[in-house]
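# With the input below, show me the fold.
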Amino acid sequence: MDYTLTLNGSTYSRGELLDLVSENESSPKEYLRLFWTFIGEWFDDKEYLEVYTSGSTGRPKKIRVLKQHMVNSARMTCNALGLQTGDSALLCLSTGYIAGKMMVVRAMVAGLDLTLVEPSGTPTIDKDYTFCAMVPMQVFNLASSGHLVFSLNRIGKLIIGGGPISSDLKKMLEPLTVACYSTYGMTETVSHVALRRLNGSGKQHAYYPMPNVAVSLNEEGCLVIDAPLVASTRLETNDIGEISPDGSFKILGRLDNVINTGGVKVSPEVVEAKLSGCSNVPFAISWLPDRQLGEKVVLVVEGNGDFILNYKDILLPYETPKKVVRVGKIPLTPNGKIDRVALRMLIFATEL
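Numbers count the residues shown, from 1 in each chain. Next up is the predicted model:
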């Protein structure tokens, strides 16, 4: 694939980029090593890349994604957001993951002027950008900081993915001028296949599939994705969904996270969403074995913080935690999602 890439205003050919790979592949900074390693892999003779899934529900898996699918995905995103040649883009995600890699591919495909900064929980935004992608934690850190929140308004369009967006964060985004979008997708679809506008006059309450993407539900109520431009096969997800007549959809939780308590199925994500305004400390919903119920709902709280409100007034009886477990730190995946498997192991070791 013979693309050029514009970095900080300078456009480099394939040959020039490969020369830079040789010069920078031993950089002492990890984010630069990962970036230039990806550039080298992009221009090699293989039709695919080997990447890892997020590992939010188990151990990350190595899979192969086609470079042509990545190109197709990049075109879909740039077309959906109206990005044009010469627009500026900020890369503040690690290119060790698909989200960071796709920012580079979008820059190559659409002719964007890409600025690369070291990934951090609080990205540096020192000038105006047309486009950027972040994970929820990065956006939250900026939006909740009195002097940094306005730096988000230096971005024209911001896509947010890789983890759930809390109700608190959604409220923080409401007054900002940056157009914020929540993304739905996975490594297997080489980035998102649906977008949801979170603020502004075009605010949406569900995800809308990208062109040439069809969604349906299987017998278990989980989302099935048919996206031939970005995935070679139909993908049956573990995401419990709800599809509206206009084709938009909502995600209610994950089938593999469902807690079966006394024969009633409870989605941890749904309970966490209901409790999102009740705590000033990180928390999660999990389960422990129970002689009567089989599995009982457990509230896991990080540290010694307290819930501000009485959560029993918010939850249905079967959703209400039967026990509160305190842990030093709630385990997260590298992408910032709750590591459900590690969390269960942690509370099992603590309580059983």
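# what's stretch 267-279 in contact with?
Contact with stretch 267-279 is made by 164, 166-168, 240, 251-254, 257-259, 283-286, 297, 299, 301, 305, 307-309, 311, 314-315, 319, 340, as judged by CB atoms under 8 Å, 6 or more residues apart in numbering. To be clear about C-beta, it is placed using only N, CA and C from the backbone, and glycine gets the same treatment.
# show me where pLDDT drops low in this structure?
Counting by pLDDT under 70, the chain has low-confidence residues at 54-59, 307-309, 352.
# ok, Y184 - contacts?
Counting by CB under 8 Å, 6+ apart, Y184 touches G161, H192, V193, A194, L195, R196, Y207, I251.
# Tell me how many other residues crowd the first one.
This means G161. Using other CB atoms under 10 Å, G161 has 22 other residues around it.
# ditto for the fifth one
Residues near L195, counting by other CB under 10 Å, number 22.
# same deal with the one 4 residues further on?
Close neighbours of N199, defined as other CB under 10 Å, add up to 20.
# next one: N218
As a burial measure, N218 scores 12 neighbours (other CB under 10 Å).
# quick one: it and V224 touch, right?
Yes. If you go by CB atoms under 8 Å, N218 and V224 touch, sitting 5.4 Å apart.
# Overlap in contacts, these two.
E236.
# Please indicate which of the contacts of stretch 267-279 are buried?
164, 240, 251-254, 257-259, 283-286, 297, 299, 301, 311, 315, 319, 340 (16 or more other CB atoms under 10 Å).
# quick one, phi psi at the nearest residue in space to L112 that is not next to it in sequence?
Sequence neighbours aside, A89 is the residue nearest to L112 in space, at 4.4 Å (criterion: CB to CB, 6 or more residues apart in numbering). Backbone torsions for A89, taken as degrees, to the nearest 10, come to phi -140, psi 140.
# could we number from 539 for the rest of this?
Sure, I'll start counting at 539 from here, so that last one is A627.
# For A627, name its beta-bridge partners.
Under DSSP bridges, the beta-bridge partners of A627 are L652, F669.
# and it, what does it touch?
By CB under 8 Å, 6+ apart, the contact list for A627 reads L621, M641, R644, A645, L650, D651, L652, T653, Y667, T668, F669, C670.
# How much space separates it from V753?
Here the criterion is CB to CB, to the nearest Å. By it, A627 lies 28 Å from V753.
# Which of the buried ones among the contacts of stretch 805-817 fall within helices?
R878 (DSSP state H).
# The longest helix anywhere in the chain - contacts with which helices or strands?
Taking DSSP H as the assignment, the helix of the chain that covers the most residues is helix 605-619. In terms of contacts (3 or more CB pairs under 8 Å, 6 or more residues apart in numbering; DSSP states H and E), helix 605-619 is packed against strand 586-590, helix 636-648, strand 693-698, strand 729-735.
# after the third one, next one along is what?
Downstream of strand 693-698, the first helix or strand assigned by DSSP states H and E is helix 705-711.
# Following element in sequence after that next one, please.
Next in line after helix 705-711, if elements are assigned by DSSP H and E, sits strand 717-724.
# mind listing what that following strand pairs with, with the direction of each?
If you go by DSSP bridges, strand 717-724 pairs up with strand 693-698 (parallel), strand 729-735 (antiparallel).
# Could you identify which of these is most buried?
Among the strands paired with strand 717-724, strand 729-735 has the highest mean neighbour count (mean count of other CB atoms under 10 Å), at a mean of 23.
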